[in-house]
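[1] I would like to see how this sequence folds:
(one chain, ligands or ions: 1)
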Amino acid sequence: ADGARVVVIGAGISGLAAARQLADRGFKVTVLEARDRIGGRLWSDRSFGIPLDLGASWIHGTRGNPVAQLSESLGQPLQDWNYEDRAIIDLTGHRGRLQERADEFLTGLEDFASQAGSHAATLTIRDAVSHIRRKRRIAHLSDAEIGALITNHVELDYAADSGELALAALGEGRVLGGPDAILPRGYDRLAHGLAGDLEVRLSSSVDGIYHSSNGVSVLVNGQTFSADYAIVTVPLGVLKSGRIDFGPPLPDAKRKAIGNLGMGVLNKVYLTFAEPFWEPDALNFIRVSDKPRQFAYWINLSRATGVPVLGALNAGSFARDLEAMDNAGRMAAAHEALRTMFGADLPVPKAGISSAWASDAQALGSYSFLAPGSTSADRLALAASVNDRVFFAGEATSPDFPATVHGALLSGRKAAEEVQALAS
Ligand SMILES: Cc1cc2nc3c(=O)[nH]c(=O)nc-3n(C[C@H](O)[C@H](O)[C@H](O)COP(=O)(O)OP(=O)(O)OC[C@H]3O[C@@H](n4cnc5c(N)ncnc54)[C@H](O)[C@@H]3O)c2cc1C
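    Numbering: from 1, shown residues only. Sure, this is the predicted structure:
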């Protein structure tokens, strides 16, 4: 590589994967990271003495998954996660029906999506649900049941309300086989393992990226940093905010893609207790209620951490509503939801923590989704390099595995390969 100099913007998994690969091949690599920590949307909080992941928790599909391979090479153990291992707590009086209905509902939705053809890009998932309800395909399901199915099978996956999601979001990307798994020692171990001895400058928020035929200048903390190539891995939310100045301005196709794609919100609230009051072996709890978006899905991390701890996942508009509260307010709301599930006389939690990804200035959301009018062509436009100087990576650039850790990791490696190809 003749010691070509590369600046990587962002020390999330995509930026670190790109930096690692280039450094290993003899490039001079500097990573500029705005936060005072690495990992980005891999963020394991240890304030209660156990790792609790406020960003990603799961490796989705461990078979052939580069994230599972990385975990293994770093000696990080995995724990399989079985979503079928669950208890459904139906507060609407139809105990046990939901399970049987899920397949019907999802098949109905998928059939409709495949018939919709090109309309799948402009219709929302909410439109599709009302359509199949009108056609009586799922007429026997109650509003609460449909709400629970949409939240648990769609909204929590894509981090957006069904009315924000293009129907095409359902079929986007590829799914890897094998069980899902969590990293009981914390997902951030992968970021630290990749970073190793890389030069990472923390608290270095990039304000401008300028390129010419000679190279790239990056404006950071009022100073200019020069390199031959830049790899930009900041989240889609940050690109949407326009906070980073690009000179020359980004090409139209890329600006359109940034506008078209949606940035979703998924937030977590964890509560720890002195003793478990739930079935200690059930991994997942589903709450079916007349407020289907609120606290519909809980995970039990007692087995993984050895501490009685439950976590709630909320997506879309309700995840945003929670961000308007402080941590104590979120804990109180979560505790109230648990009281509806496990009884009014629950012990108070010992402690709680929560995420607020939409208001996090270095993320401005959780992960990307296909909004009506966007297609995976937008992801390719986002991934495209500019004048062979400025390269792009990150989960939102991955048409195969958007919104995932492995998609981000692979996009970083791909950007590194593009730089290598030019410099060789
Ligand atoms: C709550 C939540 C749950 C999730 N669950 C899962 C899951 O279970 N499984 C899964 O596969 N995926 C999950 N994801 C998605 C996954 O976490 C992301 O796809 C992946 O971590 C993104 O990596 P990245 O490198 O693209 O971005 P990031 O990790 O966001 O890295 C980008 C980096 O850029 C930095 N940055 C931003 N602005 C600037 C600037 N101006 N200057 C310098 N640096 C800047 C940021 O601080 C950040 O460190 C989840 C995400 C969230 C938020």
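[2] all contacts plus neighbour counts: C-alpha atoms, from now on.
    Will do.
[3] run a quick neighbour tally on the closest residue to Lys291 other than its chain neighbours.
    With sequence-adjacent residues excluded and distances taken as CA to CA, 6 or more residues apart in numbering, Lys291 is closest to Ala144, at 7.5 Å. When neighbours are counted by other CA atoms under 10 Å, Ala144 registers 20.
[4] beta partners of the spatially most central residue of the chain?
    What sits nearest the mean C-alpha location of the chain, by CA atoms, centre = their mean, is Tyr367, with 4.3 Å. Beta bridges link Tyr367 to Gly264 when assigned by DSSP bridges.
[5] quick one: pLDDT of it?
    Note on Tyr367: pLDDT of 98.
[6] now swap in Arg95 and tell me
    Note on Arg95: pLDDT of 60.
[7] now do the buried residues in stretch 250-263.
    For stretch 250-263, a neighbour-count test (16 or more other CA atoms under 10 Å) marks Lys254, Arg255, Ala257, Ile258, Gly259, Asn260, Leu261, Gly262, Met263 as buried.
[8] keeping just the C-alphas, turn that stretch into CSV.
    The C-alpha trace of stretch 250-263 is given here as CSV (Å, rounded to 0.1, in the frame of the first residue of the first chain):
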residue,chain,number,x,y,z
LEU,A,250,-22.4,15.1,-2.1
PRO,A,251,-23.7,13.9,-5.5
ASP,A,252,-27.5,14.2,-6.0
ALA,A,253,-28.0,10.5,-6.0
LYS,A,254,-26.4,10.2,-2.6
ARG,A,255,-28.3,13.1,-1.1
LYS,A,256,-31.6,11.7,-2.4
ALA,A,257,-30.7,8.3,-0.9
ILE,A,258,-30.0,9.9,2.5
GLY,A,259,-33.4,11.7,2.3
ASN,A,260,-35.3,8.6,1.1
LEU,A,261,-34.2,6.0,3.6
GLY,A,262,-35.8,6.0,7.0
MET,A,263,-33.9,6.1,10.3
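[9] give me the mean pLDDT for it.
    For stretch 250-263, the mean pLDDT works out to 98.
[10] ok, is it in contact with the ligand or not?
    No. Using CA under 6 Å from any ligand atom, stretch 250-263 stays clear of the ligand, coming no nearer than 10.4 Å.
[11] next one: that stretch to chain centre, how far?
    Centre-to-centre, stretch 250-263 and its host chain are 19 Å apart (CA atoms, centre = their mean, to the nearest Å).
[12] cool, and stretch 345-353?
    For stretch 345-353, the separation from the chain centroid amounts to 27 Å (computed by CA atoms, centre = their mean).
[13] burial of Trp81, as a residue count?
    Counted with other CA under 10 Å, the neighbours of Trp81 add up to 16.
[14] which ones are touching it?
    Pro179, Asp180, Ala181, Ile182, Leu283 (CA atoms under 8 Å, 6 or more residues apart in numbering).
[15] ok so, going back, now the host helix or strand of the residue nearest to Lys291: buried residues?
    Following DSSP states H and E, one finds Ala144 within helix 143-150. Of all the residues in helix 143-150, those buried under the rule 16+ other CA under 10 Å are Ala144, Glu145, Ile146, Gly147, Ala148, Leu149, Ile150.
[16] returning to what we had before: distance to the ligand and neighbour count for the contacts of Trp81 - can I get that in TSV?
    Shown next, in TSV, are the contacts of Trp81 (distance: CA to the nearest ligand atom, whole Å; neighbours: other CA atoms under 10 Å):
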residue	distance to the ligand	neighbour count
Pro179	13	15
Asp180	9	20
Ala181	9	19
Ile182	8	21
Leu283	15	21
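[17] can you show me the strands along the stretch 301-424 of the chain?
    309-315, 351-354, 367-369, 390-392 (DSSP state E, counting those that start in this stretch).
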